[in-house]
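*Asks:* need a 3D model of the sequence below.
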Amino acid sequence: MDKARAERMEQALRDAGVRVTRQRAALLRVLAAVDDHPDATELHARAEAAGAGVSLATVYRTLTTLRAQGVIDKLEFQGEPARWEPADQKHHDHMIDVDSGAVIEFTDDRIERLQAEIAAERGYEIVHHRLELYVRRRT
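*Replies:* Coordinates of the predicted model:
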């Protein structure tokens, strides 16, 4: 678990006027430790496995608050439930395996340069972007 990340999430809840209960604290520890892209039900199951005793409704409310506070990002991939990841990560893009549902993070300087060039050619600079590639393994 990333203790500093958990503390930032806890402070974000407090800043939003949300009480940090034992159940929410356990959920924050789960969120701070993610290295994948879980959906709300997966986060609920992980918190329950850790003995949190947190309801699924509390998971959804907490995720909504953390997103509004800018400490987690909501990822909405085509045909999938919303997934979540900490917002303090370095920029990366995603490939989604359409057969397995696996989400693979990647960065590629060539893509970043090309996107910047395309925007500049049209008189713009990129403020934010998200790239999702829906992929299937070659057979």
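*Asks:* ok, now which ones touch residue 95?
*Replies:* Applying C-beta atoms under 8 Å, 6 or more residues apart in numbering, we find residue 95 in contact with 103-104, 106, 132-135. Just so you know, the C-beta spots here come from the backbone N, C-alpha and C atoms, and that holds for glycine as well.
*Asks:* out of the residues you listed, list just those in helices.
*Replies:* The helices, defined by DSSP state H, take in nothing from these.
*Asks:* tell me which of the residues you listed fall in strands.
*Replies:* The strands, defined by DSSP state E, take in 103-104, 106, 132-135 from those.
*Asks:* still on that earlier bit, just the buried subset of the contacts of residue 95, please.
*Replies:* residue 103 (16 or more other C-beta atoms under 10 Å).
*Asks:* what sits against the residue nearest in space to the middle of the chain?
*Replies:* Residue closest to the mean C-alpha point of the chain, counted by C-alpha atoms, centre = their mean, is residue 85 at 1.7 Å. Counting by C-beta under 8 Å, 6+ apart, residue 85 makes contact with 34, 37, 72-73, 75.
*Asks:* if you set the cut-off to 6 Å instead, what comes out?
*Replies:* 37, 73 (C-beta atoms under 6 Å, 6 or more residues apart in numbering).
*Asks:* pull the one helix or strand it maps to out as CSV, backbone CA atoms only.
*Replies:* Following DSSP states H and E, one finds residue 85 within strand 83-86. Extracted in CSV, the C-alpha atoms of strand 83-86 (Å, rounded to 0.1, in the frame of the first residue of the first chain):
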residue,chain,number,x,y,z
ARG,A,83,-13.0,1.3,-13.6
TRP,A,84,-10.8,3.4,-11.2
GLU,A,85,-7.2,4.4,-10.8
PRO,A,86,-5.3,6.9,-8.6
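*Asks:* touching, residue 67 and residue 75? I think so.
*Replies:* No. Contact criterion C-beta atoms under 6 Å: residue 67 and residue 75 do not qualify, at 10.8 Å.
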